[in-house]
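Engineer: just need the structure, nothing else, for what follows:
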Amino acid sequence: MDAQYTIVIADDHPLFRNALFQSVHMAISGANLLEADSLDSLLALLDKEPDVDLLLLDLKMPGANGMSGLIQLRNQYPDLPIVVISASEETNVIRQVKHHGAFGFIPKSSDMRALIGSLNQVLDGEPVFPEGLGDDDEFKALNERIAALTPQQYKVLSMLSDGLLNKQIAYELNVSEATIKAHMTAIFRKLEVKNRTQAVILLQQMDINP
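Structural biologist: A predicted model of the protein is given here:
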């Protein structure tokens, strides 16, 4: 495929980033490839480069916790095609990726031929997701509750699931403990739970904090 595409590869592992770099070059000759190794560097890059055609995003990067990076990117750049490339291949993770507006999901375990085929499919305007994904009613109901959280509330919930106390979360996010308590109240209401234990269990059921 010969076209002048600008593609961003966002992954904090240099070896995988390099392998992906080579695969993209094989799939798309003459592509303009840019790289980022954290959510902050990615946001700075996207701010400077308004005409990106495709973002290849790893879920696990510094500054991104679970789906929070994807949610933030989707909110700030609603028209940017995002394809998640991840080692987390669980069905719930892929469902979440799809729900939060990604254009595709490519497992990191894909061989070179499959990866090139998926990239060409995406650039032809066709989403790429594993077959048989489906959406059961229980997942949809849980998903709608999670999707109602703001990116900041999602960060708080993710830190909660890591076992951090309110004061530790407040320190990490550079806000007051009262702000975290307010976030907790909103999170519990949106998730329809009564306490932090139930909230963490719900997050684990979704399996979206890989």
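Engineer: quick one: low-confidence parts of the protein?
Structural biologist: Where the chain drops to pLDDT under 70, the residues are 1-3, 65, 132-140, 205-210.
Engineer: OK, contacts around the residue nearest the centre of it?
Structural biologist: Nearest residue to the geometric centre of the chain (C-alpha atoms, centre = their mean): Leu70, 3.3 Å. Taking C-beta atoms under 8 Å, 6 or more residues apart in numbering as the contact definition, Leu70 lies against Leu57, Leu59, Ala64, Ile82, Val84, Val97, His100, Gly101, Ala102. (Each C-beta comes from the backbone N, C-alpha and C, glycine too.)
Engineer: name the helix or strand for the last one, please.
Structural biologist: So that's Ala102. Assessed by DSSP states H and E, Ala102 sits outside every helix and strand.
Engineer: how close does it get to Asp79?
Structural biologist: Using C-beta to C-beta, to the nearest Å, Ala102 is found at 13 Å from Asp79.
Engineer: okay, the two: which has more neighbours?
Structural biologist: Higher neighbour count among Ala102 and Asp79: Ala102, with 24 against 4, using other C-beta atoms under 10 Å.
Engineer: ok, now how distant is Ala87 from Ser161?
Structural biologist: Distance of Ala87 to Ser161, given as C-beta to C-beta: 19 Å.
Engineer: who has more neighbours out of the two?
Structural biologist: Taking neighbours as other C-beta under 10 Å, Ala87 and Ser161 compare with Ser161 leading, 19 against 14.
Engineer: shouldn't the more buried one be in contact with Leu202?
Structural biologist: No: with contact defined as C-beta atoms under 8 Å, Ser161 does not reach Leu202; the gap is 9.6 Å.
Engineer: now for the contacts of Leu70: which two are most distant?
Structural biologist: Across the contacts of Leu70, the longest distance by C-beta to C-beta is 15.2 Å; it joins Ala64 and Gly101.
Engineer: those two: which is more packed in?
Structural biologist: Of the pair Ala64 and Gly101, Ala64 is the one with more neighbours under other C-beta under 10 Å, namely 24 against 15.
Engineer: contact partners for the nearest residue to the more buried one once chain neighbours are set aside?
Structural biologist: Here the nearest residue to Ala64 in space, its sequence neighbours aside, is Leu39; by C-beta to C-beta, 6 or more residues apart in numbering that works out to 4.6 Å. Listed by C-beta under 8 Å, 6+ apart, the contact partners of Leu39 are Ala10, Met61, Pro62, Gly63, Ala64, Gly69, Gln72.
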